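Undergrad: prediction below, plus the sequence it came from.
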Amino acid sequence: MRIIVDADSCPTKDIILEIAMKYNVAVVMYFDSSHDYINDYATVKIVEKGFDSVDFYIIKDVCSSDFVVTQDYGLAALCLTKNVVVIHPNGFEFTTNNIDELLNYRYLGHKSRLKNKHIKGPKKRSKEDDVNFYHLLEKLILARIDNYHH
């Protein structure tokens, strides 16, 4: 069991590390080469810069016993095909039940941008997002640990 993080723009790295250390769960953080990050607990993997390069490395590395933390709906969809638990930093889980709607929302936003229509960006990150993320990640890890012991 590991927590694999699409870490380039992940706002919850500190929360992930706090929970991982609390439950002794390995963490692998993926960055592209434009970032510099050092951590004594996590394994940090720096990959070449390029469109979706971090995503491709994560997909090659991930297995069904892992958790993935990402804001990327496309990466989330690919991870779901490998039966991976995927969590958004805002504190919701990507599932086979919600991924199609999320991908459609992303597609419609892309189409609007191509037509130069201004659409609102994501709302500003709140403390509630951090709390939701913390509780979801902890709940999922505890459930996995409980399953291992039964």
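TA: Okay, I see it.
Undergrad: contacts for whichever helix or strand I46 is part of?
TA: Assigned by DSSP states H and E, I46 belongs to strand 43-47. In this structure, residues lying in contact with strand 43-47 by C-beta atoms under 8 Å, 6 or more residues apart in numbering are 26-33, 35, 37-38, 53-54, 57. C-beta: built from backbone N, CA, C; applies to glycine.
Undergrad: show me which positions of the one helix or strand E128 maps to end up buried.
TA: Using DSSP H and E, E128 sits in helix 127-149. Under the neighbour-count criterion of 16 or more other C-beta atoms under 10 Å, helix 127-149 has 129-130, 132-134, 136-137, 140-141, 144 buried.
Undergrad: can you list the low-confidence ranges for the protein?
TA: For the chain, applying pLDDT under 70 flags the ranges 51, 100, 102-114, 117-122, 149-150.
Undergrad: turn the contacts of strand 43-47 into TSV, including secondary structure.
TA: Output for those, formatted as TSV (DSSP: H, G, I helix; E, B strand; the rest coil):
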residue	secondary structure
A26	strand
V27	strand
V28	strand
M29	strand
Y30	strand
F31	strand
D32	strand
S33	coil
H35	coil
Y37	coil
I38	coil
S53	helix
V54	helix
Y57	helix
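Undergrad: which one of those residues sits closest to E101?
TA: Proximity of the contacts of strand 43-47 to E101 (C-beta to C-beta) peaks at V54, which lies at 24.4 Å.
Undergrad: which residues does that closest one contact?
TA: The contact partners of V54, by C-beta under 8 Å, 6+ apart, come to 6-8, 30-32, 47.
Undergrad: which one of these is nearest N98?
TA: Nearest member of those to N98, counting by C-beta to C-beta, is D6, at 18.0 Å.
Undergrad: that closest one: what's it in contact with?
TA: Applying C-beta under 8 Å, 6+ apart, the residues near D6 are 30, 54-55, 58, 68-72, 75.
Undergrad: how close does it sit to D40?
TA: Distance, D6 to D40, by C-beta to C-beta, to the nearest Å: 21 Å.
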